[in-house]
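**Student:** mind looking at a prediction? Sequence and model below.
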Amino acid sequence: MYVTTTDGASIFYKDWGAGRPVVLSHGWPLNADSWEAQALFLAEHGFRVIAHDRRGHGRSTQTWHGNEMDTYADDLATLLDALDLREATLVGFSTGGGEVARYIGRHGTGRVAQAALVSAVPPFMLQTPDNPGGVPVQVFDAIRAGSLADRSQTYKDLAAGPFFGGAASQGVQDAFWLQSMAAGHRNAFECIAAFSATDFRPDLAAIDVPTLVIHGDADQVVPFEVGGMASSALIKDARLVVYAGAPHGITDTHKQQLGSDLLAFLKEYDA
């Protein structure tokens, strides 16, 4: 199924189950399929699960423009408005966590009951004078260079190395590559700047709903100190759950634990 944005882009989404809505935003350069374990689990436990492909990714339109967080957030708003979702829980993994934060920063929490950030890129990944603990730009420049030189091999190397930290089967790595190659070349390239150089600190300050932050302390893509630990300190009353020894890709490597933790969080609102 698709919704159409104000600039004509078609945004693909899955809509599984029935109940209070949960919206899942995926990481770079993946698509909604990366959430399939949690989507199936939560839908089987009484929730309506919506997972979309960000513009330029998966089955959504590969637009030339709009490959940045403001547009991603506005596309998410189009989805929530079109489906008239209310009391939704927004869950963002990695880049999707930035999308969720920017959505709340730009559109508020009128439709939102809870938020969850999983291995997420906020508050601000890039090292700058006012963010000295961030990741040096050379790290992202290397990803950009690899993407231009041989993005297929770059994705294979990410899956075999830092993304899953050596904890994923060949099948899971192959699924990562397959989803990654479905993203548009320009879209995926420009998204590197979107997830690394967007400052989400003002967006986190706007979050006024219960928020769960989950992060592995062995994450080699979004270091724990840069991501989950820093975000939880900036979100009022956020709850931080640390997965000891876990890598970045916990939607696969820790899918049972993640599903259980998200389900428990969802039930807190419904209790």
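**Tutor:** Now that the structure is in, tell me what you want to look at.
**Student:** show me what the helix ranked longest in the chain is packed up against.
**Tutor:** Longest helix in the chain, counting residues (DSSP state H): helix 137-160. Applying 3 or more CB pairs under 8 Å, 6 or more residues apart in numbering; DSSP states H and E, one finds that helix 137-160 contacts helix 170-181, helix 185-197. To be clear about C-beta, it is placed using only N, CA and C from the backbone, and glycine gets the same treatment.
**Student:** and these, which is most packed in?
**Tutor:** helix 185-197 (a mean of 20; mean count of other CB atoms under 10 Å).
**Student:** what are the contacting residues of it?
**Tutor:** 28-29, 54-57, 62-64, 67-69, 72, 94-95, 98, 121, 125-126, 135, 137, 140, 143-144, 147-148, 151, 180, 183 (CB atoms under 8 Å, 6 or more residues apart in numbering).
**Student:** please indicate which of these are buried?
**Tutor:** Among the contacts of helix 185-197, the ones that count as buried by 16 or more other CB atoms under 10 Å are 28-29, 54-57, 62-63, 67-69, 72, 94-95, 98, 121, 125-126, 135, 140, 143-144, 147, 151, 180, 183.
**Student:** just the residues you listed: which are in helices?
**Tutor:** 69, 72, 95, 98, 140, 143-144, 147, 151, 180.
**Student:** and the residues you listed as CSV, adding pLDDT and distance to Gly249?
**Tutor:** Converted to CSV, these look like this (pLDDT from 0 to 100; distance: CB to CB, whole Å):
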residue, pLDDT, distance to Gly249
Met69, 98, 21
Tyr72, 98, 20
Thr95, 98, 13
Gly98, 98, 17
Phe140, 98, 18
Ile143, 98, 16
Arg144, 98, 21
Ser147, 98, 18
Arg151, 98, 18
Ser180, 98, 12
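**Student:** from these, which is closest to Ser231?
**Tutor:** Gly98 (10.3 Å; CB to CB).
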